[in-house]
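Q: Fold the stuff below for me.
(4 chains)
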2 protein chains.
Amino acid sequence: MPPEEPPKLTLRERKKREARRALGQAALRLTLERGLENVRVEDIANEVGVSPRTFNNYFSSKEQAVCSFVEDRHEGMREALLARPEGEPLWESVKQAVLTQYSREGEPDRAYVARIRELMGQLALRGEFLRSHAAVEQVLAETIAKRVGGVDHLLCRLMAASVESAVRVAFFNWFTTEGELLLPTLERLLDELATGMPTLTGGVPKPEPTTTTLGEPLC
Amino acid sequence: MPPEEPPKLTLRERKKREARRALGQAALRLTLERGLENVRVEDIANEVGVSPRTFNNYFSSKEQAVCSFVEDRHEGMREALLARPEGEPLWESVKQAVLTQYSREGEPDRAYVARIRELMGQLALRGEFLRSHAAVEQVLAETIAKRVGGVDHLLCRLMAASVESAVRVAFFNWFTTEGELLLPTLERLLDELATGMPTLTGGVPKPEPTTTTLGEPLC
DNA sequence: GCACTTTTTTGCGTGGCACGCAACTTTCTG
DNA sequence: CAGAAAGTTGCGTGCCACGCAAAAAAGTGC
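A: Alright, predicted model coming up:
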């Protein structure tokens, strides 16, 4: 095996990617440590050894930088989906691609959960967070469309949006509960989507007067 | 019929609501007229006859103000769902509630479409826009949970998220095409969700080499 | 109608942020 | 190695969110 794989990308390209990655990572780390309001753009820039002005060449806000890790999954998502075998039914492909992507990252470290939960509490991040998810959704929709050829674009979008919904809900559940694993929940939710909505109706329709809170407005 | 309905809310409460509504509306109108980057917080405040500082007592950014109309639907959504008859299957209730809410507003004026499309192009608004949708989703999830009693909260969330997905996709389609109506599309997408994902697979799996663009990353 | 409390509005000041611009440095190409 | 192309940086500018405390408005009890 070659220890140095031939850099197919130009040096510039690699440097750019690396800089962006480093900035996003630094932003996330600092925010987890101190909370967003105690992180200045200057801090992030310094951490990476770059001028504050340069930071804004890559991201147009620190919130965007912090959330960039979500968006970064889009590449893996695309590859995972395109790598599925030709004849496989579409939904199976999508499901497996999603599961592949998120198991690639491994069951996330329990130690981070509390901090991530705190992170998500940051109102200021919610918008950017969702925007990043939407970016992944867009890639997913395009890839699905490419895979199935001439099928209705609306349905591709709907499928992509539904999948991202499941991902968001699974993550939400993951970092608001203590013991549960991410992947099984995600798989279950995806199966639920496949089955269709009425499944939920199977539950007891008795209106319990208990005011059950659903938790934070998160996600 | 009483021409003046007795104000069940205190004067303060009414004034607050009115102020917020006026600010949001002004923000939206000005943005549609001139584009977000040509609207200053000061302009919005002046329009309503209030100090800039007060604007920030109601909204923590102008983007939030512009998007507030989306979030304002949550109240109607809640009522519409709770108003459905007792014995009705859950999904049917949800579907009808959503359709009720969006027909309440009437098929949107064609004249606005171009401007709305432009509005959605504003990168800066996307995050807030999604945040508002998420807020509606949250209310929807809570209301669903309340309606079905003790059923799995995860599934309630998933359903709410899916519904919002359909809404977003339907809107997207509505303001990126010329002739189509919003409500029929929305209903079709909701039915698609009810049926479950594999429906999409029904399409021709032939991989057309045409590089079909899916349109803007919007929504 | 009148004191007293609670809530909202407002002006001011501060720290911070995004971005245009133009000079400078690095990388690329032949 | 020389010129072109792309990326980085410092500076300046306009704007913005929010804390704070004083003033104004709305609610309350008598």
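
Q: Chain A - how does it break down into domains?
A: As given by automatic domain parsing, the domain ranges for chain A are A:7-63, A:67-195.

Q: Looking at those, which one is packed in the most?
A: Of all the domains of chain A, domain A:67-195 has the most neighbours on average by mean count of other Cβ atoms under 10 Å in any protein chain shown, namely a mean of 19. No exception for glycine: its C-beta is placed from N, CA and C like everyone else's.

Q: average pLDDT across that one?
A: The average pLDDT within domain A:67-195 is 91.

Q: That one vs DNA strand C: in contact?
A: No: Domain A:67-195 is not in contact with DNA strand C by Cβ under 7 Å from any atom of the strand; minimum separation 10.0 Å.

Q: how much distance is there from that domain to the middle of the chain?
A: Computed by Cα atoms, centre = their mean, to the nearest Å, the separation of domain A:67-195 from the middle of its chain amounts to 6 Å.

Q: ok, back up a step: any idea which of the domains of chain A gets closest to DNA strand D?
A: Counting by Cβ to the nearest atom of the strand, DNA strand D lies closest to domain A:7-63 out of the domains of chain A; the figure is 3.1 Å.

Q: Who's the closest spatial neighbour of the residue most central in space within chain A, skipping the chain neighbours?
A: The C-alpha lying nearest the average C-alpha coordinate of chain A belongs to A:Val70 (Cα atoms, centre = their mean; 3.9 Å). Of all residues not flanking A:Val70 in the chain, A:Ser132 sits nearest, at 3.8 Å (Cβ to Cβ, 6 or more residues apart in numbering or on different chains).

Q: From B:Arg53, how far off is that neighbour?
A: In this view, A:Ser132 and B:Arg53 are 32 Å apart by Cβ to Cβ, to the nearest Å.

Q: quick one: the helices in chain A?
A: A:11-34, A:41-48, A:52-58, A:62-71, A:73-82, A:90-104, A:110-121, A:123-148, A:153-176, A:182-195 (DSSP state H).

Q: wait, which of those helices is closest to B:Arg110?
A: Among those, helix A:153-176 comes nearest to B:Arg110, with 19.8 Å by Cβ to Cβ.

Q: other SSEs contacting the closest one?
A: Applying 3 or more Cβ pairs under 8 Å, 6 or more residues apart in numbering or on different chains; DSSP states H and E, we find helix A:153-176 packed against helix A:90-104, helix A:110-121, helix A:123-148, helix A:182-195, helix B:153-176, helix B:182-195.

Q: need the ones you listed in CSV with distance to DNA strand D, can you?
A: CSV is the format used below for the helices and strands packed on helix A:153-176 (distance: least, Cβ to the nearest atom of the strand, whole Å):
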stretch, distance to DNA strand D
helix A:90-104, 27
helix A:110-121, 14
helix A:123-148, 7
helix A:182-195, 31
helix B:153-176, 24
helix B:182-195, 30
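
Q: Tell me which of the ones you listed lies nearest to B:Glu92.
A: Shortest distance between B:Glu92 and these, using Cβ to Cβ, is found for helix B:182-195: 9.0 Å.

Q: And for the closest one, what's in contact with it?
A: Contacts with helix B:182-195, where a contact means Cβ atoms under 8 Å, 6 or more residues apart in numbering or on different chains, come from A:154-155, A:158, A:162, A:196-198, B:91, B:95, B:98-99, B:102-103, B:107-108, B:162-163, B:165-167, B:169-171, B:173-174, B:199.

Q: still on that earlier bit, tell me which of the domains of chain A sits nearest to B:Ala124.
A: Across the domains of chain A, closest to B:Ala124 is domain A:7-63 (Cβ to Cβ), at 8.4 Å.

Q: show me what contacts the residue lying closest to A:Ala27 once chain neighbours are set aside?
A: Closest residue to A:Ala27 apart from its sequence neighbours, by Cβ to Cβ, 6+ apart: A:Ala65 at 3.8 Å. Residues in contact with A:Ala65 (Cβ under 8 Å, 6+ apart) are A:23-24, A:27-28, A:44, A:55, A:58-59.

Q: same check, this time on A:Arg104
A: By Cβ under 8 Å, 6+ apart, A:Arg104 lies in contact with A:Gly76.

Q: From A:Ala26, how far off is it?
A: To A:Ala26, A:Arg104 is 23 Å away according to Cβ to Cβ.

Q: go on, A:Arg110?
A: According to Cβ to Cβ, A:Arg110 and A:Ala26 sit 23 Å apart.

Q: what do you get for A:Ser103?
A: From A:Ser103 to A:Ala26 the distance is 26 Å (Cβ to Cβ).

Q: Test my guess that the residue nearest to the centre of chain A contacts A:Leu125.
A: No: between A:Val70 and A:Leu125 there is no contact under Cβ atoms under 8 Å: 10.5 Å.

Q: looking at it, A:Val94 is touching A:Val163, isn't it?
A: Yes: distance between A:Val94 and A:Val163: 6.3 Å, which falls inside the contact criterion (Cβ under 8 Å).

Q: between these two, what contacts are shared?
A: The contact sets of A:Val94 and A:Val163 overlap at A:Leu140 (Cβ under 8 Å, 6+ apart).
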